[in-house]
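Trainee: A structural model of the following input is requested.
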Amino acid sequence: MNKGWRWVVLLLPLIAFVVLVGFLLRGLFSDPTELSSALVGKPVPQFTVPDLYQPERSHTQAVLSGEPMLLNVWATWCPTCRAEHEYLNKLAAEGVAIVGLNYKDDSRDKAVNWLNTLGDPYTVNLFDATGSVALELGVYGAPETFLIDAQGHIRYRHVGDVNERVWRGELGERYRKLRQEFAANASGEQSK
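Mentor: So this is what the prediction gives:
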């Protein structure tokens with residue numbers, strides 16, 4: 001083997017190592033709560049699911065339109081959902097519209113008991129026993145929260161719990177901006 005190839009053979013493991021380290025460092029400093037979603041900017045996918053409290057009543061994606069709101073994916077088996085629940089109650093008390101999507105709970109009664117015990121911040125409760133709606137939304141697990149505009153389009157996705165820090169950051173800012181746009185459009189419609 002000539003000297004030129006010998007250097008290539010010796011440098012190849014070093015190059016592979018540098019590339020691997022670069023890839024791992026990129027992952028180390030990325031924010032796992034900021035997963036992009038192919039659905040941002042698009043309408044909420046079509047669905048029909050039963051109401052959590054009234055199984056004979058069903059809801060479609062139309063429940064996620066009319067005003068800006070949050071769609072919160074939660075489950076009783078999810079410890080992080082329990083941690084965020086008190087903060088969701090606080091947001092609801094402040095007038096934030098939140099729709100709940102109960103995700104893959106094995107028992108409707110368990111989910112209803114959870115809400116009766118911890119409080120119910122949701123204006124509507126959707127029961128997604130099979131996880132089909134969550135799958136259409138691209139949910140990786142609970143909790144996840146989507147910001148939905150008045151036309152039923154997904155504007156933002158947050159993975160993880162909603163807490164004071166998250167709300168004071170991008171999620172709350174985006175929600176307030178949507179509410180302001182909605183109020184301006186509503187007052188413009190009334191003046192016509």
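
Trainee: buried residues in stretch 170-188?
Mentor: Of all the residues in stretch 170-188, those buried under the rule 16 or more other Cβ atoms under 10 Å are 171-172, 174-175, 178-179, 182. For every residue, glycine as well, the C-beta is placed using N, CA and C.

Trainee: nearest residue to Ala97 other than its sequence neighbours?
Mentor: Met69 (3.9 Å; Cβ to Cβ, 6 or more residues apart in numbering).

Trainee: if we can go back for a sec, now, the buried residues of stretch 170-188 that are in strands?
Mentor: The strands, defined by DSSP state E, take in nothing from the buried residues of stretch 170-188.

Trainee: I'd like these laid out as a markdown table, including pLDDT.
Mentor: Compiled in a markdown table, the buried residues of stretch 170-188 are given as follows (pLDDT from 0 to 100):
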| residue | pLDDT |
| --- | --- |
| Leu171 | 96 |
| Gly172 | 97 |
| Arg174 | 97 |
| Tyr175 | 97 |
| Leu178 | 96 |
| Arg179 | 95 |
| Phe182 | 93 |
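
Trainee: secondary structure class for the residue positioned nearest the centre of the chain?
Mentor: Centre of the chain computed as the mean C-alpha position; nearest residue by Cα atoms, centre = their mean is Thr145, 2.5 Å away. Classification of Thr145 by DSSP: H, G, I helix; E, B strand; the rest coil places it in strand.

Trainee: my guess is it meets Leu171, correct?
Mentor: Yes: using Cβ atoms under 8 Å, Thr145 is in contact with Leu171, at 7.1 Å.

Trainee: Quick check: neighbours shared by those two?
Mentor: 158, 162 (Cβ atoms under 8 Å, 6 or more residues apart in numbering).
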